[in-house]
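In: Structure, please.
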Amino acid sequence: MPAVVSVPDAATARRVAGWLLDSEAVRLRPAEPFTWASGWRSPIYCDNRVTLAYPAIRAGVAEALTEAARRHFPQAEVVGGVATAGIAQGALLADRLALPYCYVRPQPKTHGMGNQIEGRVSPGQRVVLVEDLISTGGSSLKAAETLRASGAEVVGMLAVFTYGFAQAEAAFRAANIPLVCLSDYAALLDEAQARGVIGGDELAHLAAWRETPEVWGREM
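Out: Presented below is the predicted three-dimensional model:
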């Protein structure tokens, strides 16, 4: 299996993209860009936690994650969520797979037991991580490194959506961690255009941003 797998299949990618648009987890606003925490200006904002508010969509995403986990990571013995956005999706997946669950904090707690991994993972156990969104991959891979440092084996990562940035793919390849995402940027744009959410001019802006997100919109 290659180190990075973008989506399980085109039908799943379009279906999940539709759910993200239906729930307004994804907002497309080329004329009024958002500003990310990194300082990047962006015509898109994605918060997949919004899908949790819609029972049918929540169940659909959880089932898609379950199918992907069974197909790509059948050897997993534990499901791990990446805090904070991956915690709920990971718990839903663990429940469907009837596997133990944990989640990984960005850093250890400063009180109590000082845990960074909440739950229980034994050295040598095979863990599949769950994330809601992949941008550059930095925070996701930090969680994987934390699990590896504890002695666990990270067999791969599942995510609901990826922007498909080249630096993220390179980072996952360098870490030798397979990545499977339910949907991606290309599928989202296809679905949005099919629904009439975006037109040709907006599509051009969105495509340009995807190529050079770090400099896009500076003139705006």
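
In: wait, isn't Ala186 in contact with Gly164?
Out: Yes - contact criterion C-beta atoms under 8 Å: Ala186 and Gly164 qualify, at 7.0 Å. Backbone N, C-alpha and C define where each C-beta goes, glycine included.

In: could you pull out the strands for this structure?
Out: Remark: strands assigned in the chain by DSSP state E are 4-5, 26-28, 34-35, 41-42, 44-46, 78-82, 101-104, 117-119, 126-134, 153-162, 179-184.

In: Which among the ones you listed is found nearest to Ala13?
Out: strand 179-184 (4.5 Å; C-beta to C-beta).

In: can you tell me how far Pro8 sits from Val78?
Out: Separation of Pro8 from Val78 (C-beta to C-beta, to the nearest Å): 21 Å.

In: Which of the two has more residues huddled nearby?
Out: Val78 (23 against 20; other C-beta atoms under 10 Å).

In: So for that one, what's the pLDDT?
Out: If you check Val78, the pLDDT there is 98.

In: So what pairs up with the most centrally placed residue in the chain in the strands?
Out: Residue closest to the mean C-alpha point of the chain, counted by C-alpha atoms, centre = their mean, is Leu133 at 2.7 Å. In this entry, Leu133 is beta-bridged to Phe161, by DSSP bridges.

In: List the residues that contact it.
Out: Leu133 sits next to Cys46, Asn48, Ala85, Ala159, Val160, Phe161, Thr162 when contact means C-beta atoms under 8 Å, 6 or more residues apart in numbering.

In: at 7 Å instead, please
Out: Listed by C-beta atoms under 7 Å, 6 or more residues apart in numbering, the contact partners of Leu133 are Cys46, Asn48, Ala85, Ala159, Val160, Phe161.

In: pLDDT wise, what is it at?
Out: Model confidence at Leu133 (pLDDT) stands at 95.

In: Check the gap between it and Leu99 for me.
Out: Distance from Leu133 to Leu99, by C-beta to C-beta: 23 Å.

In: Give me the neighbour count for the residue nearest to Ala10 when sequence neighbours are not counted.
Out: Nearest residue to Ala10, sequence neighbours excluded (C-beta to C-beta, 6 or more residues apart in numbering): Ala187, at 7.1 Å. If you count neighbours by other C-beta under 10 Å, Ala187 ends up with 26.

In: One more: Met157?
Out: Neighbour tally, Met157, other C-beta under 10 Å: 28.

In: That one pairs with what?
Out: Leu129, Leu179.

In: List the residue ranges of the chain that fall below the pLDDT cut-off.
Out: Within the chain, the stretches with pLDDT under 70 are 1-6, 110, 113-114, 217-220.

In: Try it again at 80.
Out: 1-8, 37-38, 109-114, 217-220 (pLDDT under 80).

In: ok, which stretches of it are helices?
Out: With helices called from DSSP state H, the chain shows them at 10-22, 55-72, 86-97, 138-149, 166-175, 185-194, 200-211.

In: Save these as a markdown table, and put in distance to Phe34 too.
Out: Converted to a markdown table, these look like this (distance: least, C-beta to C-beta, whole Å):
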| stretch | distance to Phe34 |
| --- | --- |
| helix 10-22 | 15 |
| helix 55-72 | 22 |
| helix 86-97 | 21 |
| helix 138-149 | 19 |
| helix 166-175 | 19 |
| helix 185-194 | 15 |
| helix 200-211 | 11 |
